[in-house]
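Participant: Sequence and predicted model, in that order:
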Amino acid sequence: MKEILQDLDLKGLESLTLSYGEPKFRAGQLYRGLMQGKKISEITDLSKAFREKLLERFEDEPVRIRETFRSKDGTEKYLFELADGNLIEGVFMRYEYGNTQCVSTQVGCRMGCLFCASTLGGLIRNLSSGEILCEVLTVNALHGGTLRKREVTNLVLMGSGEPLDNYDNTVAFLRAVTAEGGINISPRNISLSTSGIVPQMYRLADEGIPLNLTVSLHNARDEDRAKTMPIARKYKIAEILDACAYYFEKTGRRYIFEYALIAGENCDREHGEALIRLLKGRPCHVNLIRLNEVKERHLQSIDEKEAYRFLGLLQKGGLSATLRRRIGNDIGGACGQLRAGYLEKQGGK
Ligand code: SAH
């Protein structure tokens, strides 16, 4: 695989441009072209000779949409192909407050959560910051978005992978995607979801990027949480809560807990009561979601009525909580399902 030009920021592009004997202003043209989601070969304000030199060393299209799946509700899912043939996926959702894209940070994942399809084949490799950025630039361009009028306005780092397990590239991506001359998405419109890698949660708090921190909790008790999330053996809920409190102190941002409702595992009355005891009085919100069933696993969801009953219990107990609307369910809702299904068809990869 060649190098990824989108890994470089404007400064990096400037020194690169100079090293090719081109005037510095060419770097600005290159940067704007890339941020518009163009391939190197399409940035025609650069000379053909310069583009050809760049193409000897850099990938023309690091992230290519291989297939698009459209849901009746307007949600779109993409299967992206990377330059080395690996596959990742992304989702584009239309909400009243803006269009939200769900991005992947790794090919596969090594967290091993029992309910999640992304982790079925383990971690294949980290994505580079430029590859993650290209997911966004490609989808923005696909929908006719420009740098002035973005079609992707919100991001959730909830696709395949554990963003804090690919820390440096994820942070470089966050800086690139929020940079002023680029696509310039506001950190306040970005949510990063983690399974709770405590040391990196502290590091993130100190980066000065005021994004929304989301933690996949799924259980109020460590022993129960460890049954579906192996990482729970390494970092305790109490440590996660301390890191969240630090995050709040540093950024002033309320944090969010994801809680996927799994029949018989985490949504009986006693689980709700334990959750209320754990979180009451904290500046947080609980996002309930009914489990998207993954056929390789035997965990089951609960029905909508039961989900609302659990939501009511939490709200009565004083927690701020909502039940996430299920969208795009007809096109392979949960992260990793699209890729897993595809790889199965191909005979595994
Ligand atoms: N690794 C990160 C981000 C990716 S997963 C994390 O763990 O947070 C994004 C969210 O989807 C997480 O809350 C995850 O627990 C949840 N999730 C994964 N598989 C799911 C499924 N089958 N049904 C519902 N939620 C799921």
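Facilitator: Good, I have the coordinates. Residues are numbered from 1 along each chain as shown.
Participant: A274 touches E223, doesn't it?
Facilitator: No. Applying CB atoms under 8 Å, one finds A274 not in contact with E223, separated by 11.3 Å. Quick note: C-beta positions are derived from backbone N, CA and C, even for glycine.
Participant: which of these two has more neighbours?
Facilitator: Neighbour count, other CB atoms under 10 Å: between A274 and E223, A274 has more, with 16 against 9.
Participant: so who does that one touch?
Facilitator: Residues counted as contacts of A274 (CB atoms under 8 Å, 6 or more residues apart in numbering) are 220-221.
Participant: can you tell me how far it sits from the ligand?
Facilitator: 18 Å (CB to the nearest ligand atom, to the nearest Å).
Participant: And C116, by the same measure?
Facilitator: In this view, C116 and the ligand are 4 Å apart by CB to the nearest ligand atom.
Participant: how much space between that residue and L213?
Facilitator: 19 Å (CB to CB, to the nearest Å).
Participant: okay, those two: which has more neighbours?
Facilitator: Between C116 and L213, C116 has the larger neighbour count (other CB under 10 Å), namely 25 against 22.
Participant: Isn't the more buried one up against V294?
Facilitator: Yes. Taking CB under 8 Å as the definition, C116 is a contact partner of V294 at 7.0 Å.
Participant: neighbours around L10, how many?
Facilitator: 17.
Participant: and stretch 219-232, average pLDDT?
Facilitator: The pLDDT scores in stretch 219-232 average 97.
Participant: Restricting to C-alpha, output that stretch in PDB.
Facilitator: Written as PDB, here are the backbone C-alpha positions of stretch 219-232 (Å, rounded to 0.1, in the frame of the first residue of the first chain):
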ATOM      1  CA  ASN A 219     -24.300  -3.000  33.200                       C
ATOM      2  CA  ALA A 220     -24.100  -1.400  36.600                       C
ATOM      3  CA  ARG A 221     -22.100  -4.200  38.200                       C
ATOM      4  CA  ASP A 222     -18.500  -5.200  37.300                       C
ATOM      5  CA  GLU A 223     -19.100  -9.000  37.500                       C
ATOM      6  CA  ASP A 224     -22.200  -8.800  35.300                       C
ATOM      7  CA  ARG A 225     -20.500  -6.400  32.900                       C
ATOM      8  CA  ALA A 226     -17.600  -8.700  32.500                       C
ATOM      9  CA  LYS A 227     -19.900 -11.400  31.200                       C
ATOM     10  CA  THR A 228     -20.400  -9.600  27.900                       C
ATOM     11  CA  MET A 229     -17.400  -7.200  28.000                       C
ATOM     12  CA  PRO A 230     -14.000  -8.700  28.700                       C
ATOM     13  CA  ILE A 231     -12.500  -5.200  29.100                       C
ATOM     14  CA  ALA A 232     -14.600  -4.900  32.400                       C
END
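Participant: Spell out whether it and the ligand are in contact.
Facilitator: No. Between stretch 219-232 and the ligand, judged by CB under 6 Å from any ligand atom, nothing touches; the nearest distance is 7.9 Å.
Participant: Buried residues in that stretch, which are they?
Facilitator: 219-222, 224-225, 228-232 (16 or more other CB atoms under 10 Å).
Participant: Present those residues as CSV; the columns should include distance to E89 and secondary structure.
Facilitator: Shown next, in CSV, are those (distance: CB to CB, whole Å; DSSP: H, G, I helix; E, B strand; the rest coil):
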residue, distance to E89, secondary structure
N219, 26, coil
A220, 30, coil
R221, 32, coil
D222, 31, helix
D224, 29, helix
R225, 26, helix
T228, 22, helix
M229, 21, coil
P230, 23, helix
I231, 22, helix
A232, 26, helix
